[in-house]
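Enquirer: Take this sequence and fold it.
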Amino acid sequence: MLKKFKVGWIFVLLCLMSTSQAQNLPPKPFGPTPSSAQLAWQKMEVNMFCHFGPNTFTGKEWGEGTEPEDVFNPTSLDCNQWAATAKAAGFGGIILTAKHHDGFCLWPNPASKHTVKQSAWRKGGGDVLEELSAACQKAEIGFGIYISPWDRNAPTYGTPKYNKVFLKTLRSALSNYGPVFEQWFDGANGEGPNGKRQVYDWPAFNNQVYALQPAAVIFSDVGPGCRWVGNEEGKCGETCWSRLDTKGREPGKNAPSQDTLNGGNYNGAHWIPAETDVSIRPGWFYRDSEHPKSLNELLNIYYTSVGRNSLLLLNVPPDQRGLIAREDSLRLMEFRTALDAIFAHDLAQDAVRISASNTRGSQRDEAKTAFSPQSLLDGDYDTYWTTDDSVCSAEIALVFAESQTFNRILLQEYIPLGQRVERFRVDVFDENGLRRTIARGTTIGYKRIVLTEPCTTDNLYIVIEKARACPVLNKLALYMDTITQTTP
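Expert: The predicted structure follows:
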């Protein structure tokens, strides 16, 4: 009997030890997770879009494809100026409209007779892709390519032959200019109710990209690398999942609804994060009559894109000289200076204590676990606080020796392990010693910036009300924005 009793207790102890050891291991990934290329892309946060081509000289947004090649004639093209401007503005890369819907190619594409080679610009010897790729490499920023599958000039468009022509176009653009961090596909198709219609071979297009640029993130309405946010206003959804269902969907008219693109799918089968594209000017191509958005507009766009788990792709169109206009460049420098000022001092670093209601594997001393809440303040992307597997709601507390005043709360999930949080709130102790809620939110994802009215407190709580698996956060920061005029 005694022997059986001892055996039973040994079994229980082994089970407890096994459970304790398991809780000291990192959580298992939850749902789809980003590839290394997608994670690197997300960390870029803000990139520059450059719409440039015949439309720059005709004033059109969508060219007809019948424009003579000589209409493209930048007098002072300097891609080093574009790249230097993007770098100074803190952008991670540049994506150029190498071929828009008019079919004109900014490189000597052998699959087309409507290119810079047929123009008088540089006596037919110019190549914008070559110059921009070299400039991006020199500035140490990413080089990306937009190629519209719609072609209003190609004689084979609207026939089965065109897909093979487009594959040759992709091969030419993606084989000769070094690494491409993002391939941008527009879903536009046809010229109207009675116009040409092309059945695009999207699987073949994507396979061609991956064969030539395996690390490229492919953009379209359905990814597979990243998705359109569903509008051109600079606004991602208040709730934004980086997950998307794509079965039975494709770019263009058969894309998911705008609401779905804006917010993703709760149970989406694929990791396809949102990219928010918006122009610094009213139009996408440069016009002398238009002017850039105000600093305040750009800051609010930052909060509704990067601050809602999206990447911001800001279009800055070169002018007819082939240069970024002075007023656009100055506005970008204002934008960068303002962001640097807003996020210069993280008030959370002044906390005298940070604790959590549950810490994975902590048992009695959370400071001795690899998943301590201190990880939220250490600035290391790959360290994080998390809870035991069974805990899907928890509270993080910050205590300050002196009251702090802030109006921006930055949270980050460690997305290599998936997106988990679906509801959270922020509480403080007010001047009367009462605990009250100052903000509520849904998803967090790569980055969430919560906007509040200025709040002064010496105790702050981040309450994860509901997560789909144990929450995994790698950053908590507090800032005071005195520049942006906005209503939270």
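Enquirer: Now do the contacts for the most centrally placed residue in the chain.
Expert: Geometric centre of the chain, nearest residue: residue 311, 2.0 Å, by C-alpha atoms, centre = their mean. Residue 311 sits next to 41-42, 44-47, 226, 273-276, 305 when contact means C-beta atoms under 8 Å, 6 or more residues apart in numbering. To be clear about C-beta, it is placed using only N, CA and C from the backbone, and glycine gets the same treatment.
Enquirer: what helix or strand is the closest residue to residue 480 other than its chain neighbours on?
Expert: Nearest residue to residue 480 in three dimensions, chain neighbours excluded: residue 406, at 5.1 Å (C-beta to C-beta, 6 or more residues apart in numbering). Residue 406 belongs to strand 394-413 when assigned by DSSP states H and E.
Enquirer: and that strand, what does it pack onto?
Expert: If contacts are counted by 3 or more C-beta pairs under 8 Å, 6 or more residues apart in numbering; DSSP states H and E, strand 394-413 sits against strand 351-356, strand 421-429, strand 448-467, strand 472-479.
Enquirer: and the shortest one, what's its mean pLDDT?
Expert: The one in question is strand 351-356. Regarding strand 351-356, the rounded mean pLDDT is 98.
Enquirer: strand partners of the next helix or strand after it, parallel vs antiparallel please.
Expert: Note on strand 351-356: by DSSP H and E, the next helix or strand toward the C-terminus is strand 385-386. As defined by DSSP bridges, the strand partners of strand 385-386 come to strand 472-479 (antiparallel).
Enquirer: Can you tell me what sits against the strand it pairs with?
Expert: Contact with strand 472-479 is made by 27, 342-343, 345-348, 354, 375-377, 380-386, 396, 398, 404, 406-414, 417, 420-421, 444, 460, 462, as judged by C-beta under 8 Å, 6+ apart.
Enquirer: Would you mind writing the ChimeraX command to select the buried ones in these?
Expert: Buried residues among these (16 or more other C-beta atoms under 10 Å), as a ChimeraX selection:
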select :27,342,346,347,348,354,375,376,377,383,384,385,386,396,398,404,406,407,408,409,410,411,412,413,414,417,420,421,444,460,462
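Enquirer: picking that back up, so can I have CSV of the helices and strands packed on strand 394-413 showing distance to residue 205?
Expert: Formatted as CSV, these follow (distance: least, C-beta to C-beta, whole Å):
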stretch, distance to residue 205
strand 351-356, 47
strand 421-429, 34
strand 448-467, 33
strand 472-479, 35
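Enquirer: hey, which of these is tucked in deepest?
Expert: Among these, ranked by average contacts under mean count of other C-beta atoms under 10 Å, first place goes to strand 472-479 (a mean of 23).
Enquirer: What residues does residue 199 make contact with?
Expert: Residue 199 makes contacts with 160, 163, as judged by C-beta under 8 Å, 6+ apart.
Enquirer: before we move on, what SS does it have?
Expert: What DSSP: H, G, I helix; E, B strand; the rest coil gives for residue 199 is coil.
Enquirer: All good on my end, thank you.
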